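Chemist: 3D model of this:
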Amino acid sequence: MRVLASALQGLLGLCGKFGRDHRGNISIIFGATIVPVVALTGAAIDFTAAHNVKIKLQAAADAAALAATRNYGKNWATRQQIATDTFNGNLQSVSNADNIQFSIVDTGQSHHVDASATVETSMMGLMGIDQMHIAVDAEAISPAASIEVVLVLDNTGSMSSSNKIGILKQSAKNFINMMETASTIPGKSIKIGLVPFTTMVRVDANTYKNASWVNMTGLDKNSWRGCFYDRDQPYDIDDTAPSTSKPNTLFDPDPYNGFSSSKCSMARVKELSTDFTALRSRVDEMSASGNTNITLGVIWGLHLLSSSVPFTEAVPWSDAETVKIMIVLTDGENTQNRWTTYTNSIDARTQSACNAVKAKDVLVYTVRVVNGDANLLRNCATDTWMYTDIQNANDLNATFQKLAADIINRHLRLTI
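Modeler: Presented below is the predicted three-dimensional model:
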């Protein structure tokens with residue numbers, strides 16, 4: 001650039017000589033036009049350099065604001081440092097900017113960033129302009145939004161091998177921890193529900209033994225331990241509201257107080273809740289025992305996400321500001337439901353249940369742990385990329401972290 005400046009200075013000197021030459025009009029015309037041409041050319045070079053710096057400065061400010069907003073659960077000093085490190089990291093490739101300034105302000109539901117820099121000019125110095133000042137700002141906004149997510153987790157006997165149930169418990173609690181941190185972002189509401197399943201699901205018996213949707217006909221409610229098996233068909237695969245006027249829509253307790261080998265000692269369902277401590281406690285209850293009925297887990301996940309009985313903690317389906325999500329995990333194929341041990345027959349019910357969930361615009365993630373019907377789980381997921389195949393139980397924690405990160409980053413919709 002210095003060589004080019006020297007050449008242009010020489011050209012301007014030559015223009016002066018042309019201006020003093022009185023031998024023809026050509027000298028007047030040339031002298032009158034070359035100066036603005038040179039000035040414009042020099043300005044274009046400097047403006048291009050300054051514009052490139054501004055683009056990078058804006059990108060760094062945007063990234064800093066987003067990074068701070070994603071970490072609302074952390075204290076202000078930590079967020080400031082995260083934002084500063086992000087800003088500086090994005091400017092490492094910028095070598096032609098000086099006097100870089102950065103500031104960030106927490107506005108309550110967003111972070112506002114101001115940044116500025118100066119760029120030394122190369123050509124415009126000939127016109128007395130030695131530097132250009134650049135200023136940008138960015139604001140990452142956390143709009144009001146909600147997430148309701150249900151963990152539908154296999155608690156069958158095969159989960160005892162390779163300590164899959166132990167790793168699953170820790171992974172699920174880590175998932176809850178990540179979502180709890182995200183819930184501290186102003187304007188966000190995050191609820192989580194839990195459905196441990198075998199060929200049964202279990203609720204808190206004392207809470208629901210007198211519920212109108214429970215069919216206690218011929219059973220001693222005081223000895224009931226809270227286990228249910230499938231509803232009568234066709235209601236075993238949909239969210240039809242139970243009604244005492246239609247007894248076959250009611251939910252049937254396991255008449256033997258333990259339909260599978262678990263004998264109704266399994267972990268209890270946890271309704272959608274913001275009580276993350278209680279959720280972790282329910283996860284701690286999980287143990288591995290019994291046979292597999294994925295259909296039951298999926299459809300009870302749908303019941304939790306519905307605002308109608310048997311559970312009413314969810315927002316209505318019409319609430320456009322709420323994203324509803326289900327994560328289904330299993331390590332085996334269907335082996336038993338209320339009517340049969342024929343896997344193909346149970347698989348058909350599972351696929352119908354998955355279709356009913358997706359018809360409600362619930363986003364379904366599925367996870368296969370070492371064993372199980374890959375095609376069934378892949379088809380159950382909302383999209384093929386939302387199906388994960390794990391070949392080592394030790395990968396469970398990383399998988400749940402990825403799921404939590406995807407849900408947080410994709411659906412909380414931080415915006416600039």
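
Chemist: N215: neighbour count?
Modeler: 19 (other Cβ atoms under 10 Å). For glycine as for every other residue, the C-beta is placed from the backbone atoms N, C-alpha and C.

Chemist: so who does it touch?
Modeler: N215 makes contacts with 247, 250-253, as judged by Cβ atoms under 8 Å, 6 or more residues apart in numbering.

Chemist: And the strands in this protein?
Modeler: Counting by DSSP state E, the chain has strands at residues 98-106, 110-120, 131-141, 145-154, 188-197, 201-202, 227-228, 270-273, 322-330, 363-369, 387-390.

Chemist: closest to W339 out of those?
Modeler: The minimum distance between W339 and these falls on strand 227-228, with 14.8 Å, by Cβ to Cβ.

Chemist: related to what we said a few turns ago, so which of the contacts of N215 belong to helices?
Modeler: If you go by DSSP state H, those have nothing in helices.

Chemist: Switch the residues you listed over to CSV; also include pLDDT.
Modeler: Formatted as CSV, those follow (pLDDT from 0 to 100):
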residue, pLDDT
P247, 94
L250, 97
F251, 96
D252, 90
P253, 90
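
Chemist: okay, those residues in TSV with distance to K209 and neighbour count next?
Modeler: Shown next, in TSV, are the contacts of N215 (distance: Cβ to Cβ, whole Å; neighbours: other Cβ atoms under 10 Å):
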residue	distance to K209	neighbour count
P247	18	12
L250	13	21
F251	12	22
D252	14	19
P253	9	26
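
Chemist: hang on, the earlier thing: I'd like the strands of the chain as a markdown table, with mean pLDDT appended.
Modeler: Shown next, in a markdown table, are the strands of the chain (pLDDT from 0 to 100):
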| stretch | mean pLDDT |
| --- | --- |
| strand 98-106 | 92 |
| strand 110-120 | 91 |
| strand 131-141 | 89 |
| strand 145-154 | 94 |
| strand 188-197 | 94 |
| strand 201-202 | 96 |
| strand 227-228 | 93 |
| strand 270-273 | 98 |
| strand 322-330 | 96 |
| strand 363-369 | 97 |
| strand 387-390 | 97 |
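
Chemist: Tabulate these (CSV), appending distance to E313 and mean neighbour count.
Modeler: Formatted as CSV, the strands of the chain follow (distance: least, Cβ to Cβ, whole Å; neighbours: other Cβ atoms under 10 Å):
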stretch, distance to E313, mean neighbour count
strand 98-106, 31, 15
strand 110-120, 29, 21
strand 131-141, 28, 17
strand 145-154, 9, 25
strand 188-197, 7, 24
strand 201-202, 16, 26
strand 227-228, 18, 25
strand 270-273, 4, 22
strand 322-330, 12, 25
strand 363-369, 18, 24
strand 387-390, 27, 18
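
Chemist: Of all these, which one is nearest Q81?
Modeler: strand 98-106 (10.3 Å).

Chemist: Which neighbours in the sheet does the closest one have, and how are they oriented?
Modeler: strand 110-120 (antiparallel) (DSSP bridges).

Chemist: Alpha carbons of the partner strand, as PDB, please.
Modeler: Only the C-alpha atoms of strand 110-120 are listed here, as PDB (Å, rounded to 0.1, in the frame of the first residue of the first chain):
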ATOM      1  CA  SER A 110     -31.200 -10.000  26.800                       C
ATOM      2  CA  HIS A 111     -27.600  -8.900  26.600                       C
ATOM      3  CA  HIS A 112     -26.600  -5.700  24.700                       C
ATOM      4  CA  VAL A 113     -23.100  -5.400  23.300                       C
ATOM      5  CA  ASP A 114     -21.400  -2.300  22.000                       C
ATOM      6  CA  ALA A 115     -18.100  -2.600  20.100                       C
ATOM      7  CA  SER A 116     -15.800  -0.200  18.200                       C
ATOM      8  CA  ALA A 117     -12.400   0.000  16.500                       C
ATOM      9  CA  THR A 118     -10.300   2.300  14.300                       C
ATOM     10  CA  VAL A 119      -8.800   1.400  11.000                       C
ATOM     11  CA  GLU A 120      -5.700   3.300   9.600                       C
END
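
Chemist: Looking at the strands of the chain, spot the one closest to A288.
Modeler: Ranking the strands of the chain by proximity to A288 (Cβ to Cβ) places strand 145-154 first, at 8.6 Å.

Chemist: want to try JSON lines for the strands of the chain, with distance to V283 as columns?
Modeler: Output for these, formatted as JSON lines (distance: least, Cβ to Cβ, whole Å):
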{"stretch": "strand 98-106", "distance to V283": "33"}
{"stretch": "strand 110-120", "distance to V283": "33"}
{"stretch": "strand 131-141", "distance to V283": "32"}
{"stretch": "strand 145-154", "distance to V283": "8"}
{"stretch": "strand 188-197", "distance to V283": "7"}
{"stretch": "strand 201-202", "distance to V283": "14"}
{"stretch": "strand 227-228", "distance to V283": "19"}
{"stretch": "strand 270-273", "distance to V283": "8"}
{"stretch": "strand 322-330", "distance to V283": "12"}
{"stretch": "strand 363-369", "distance to V283": "16"}
{"stretch": "strand 387-390", "distance to V283": "18"}
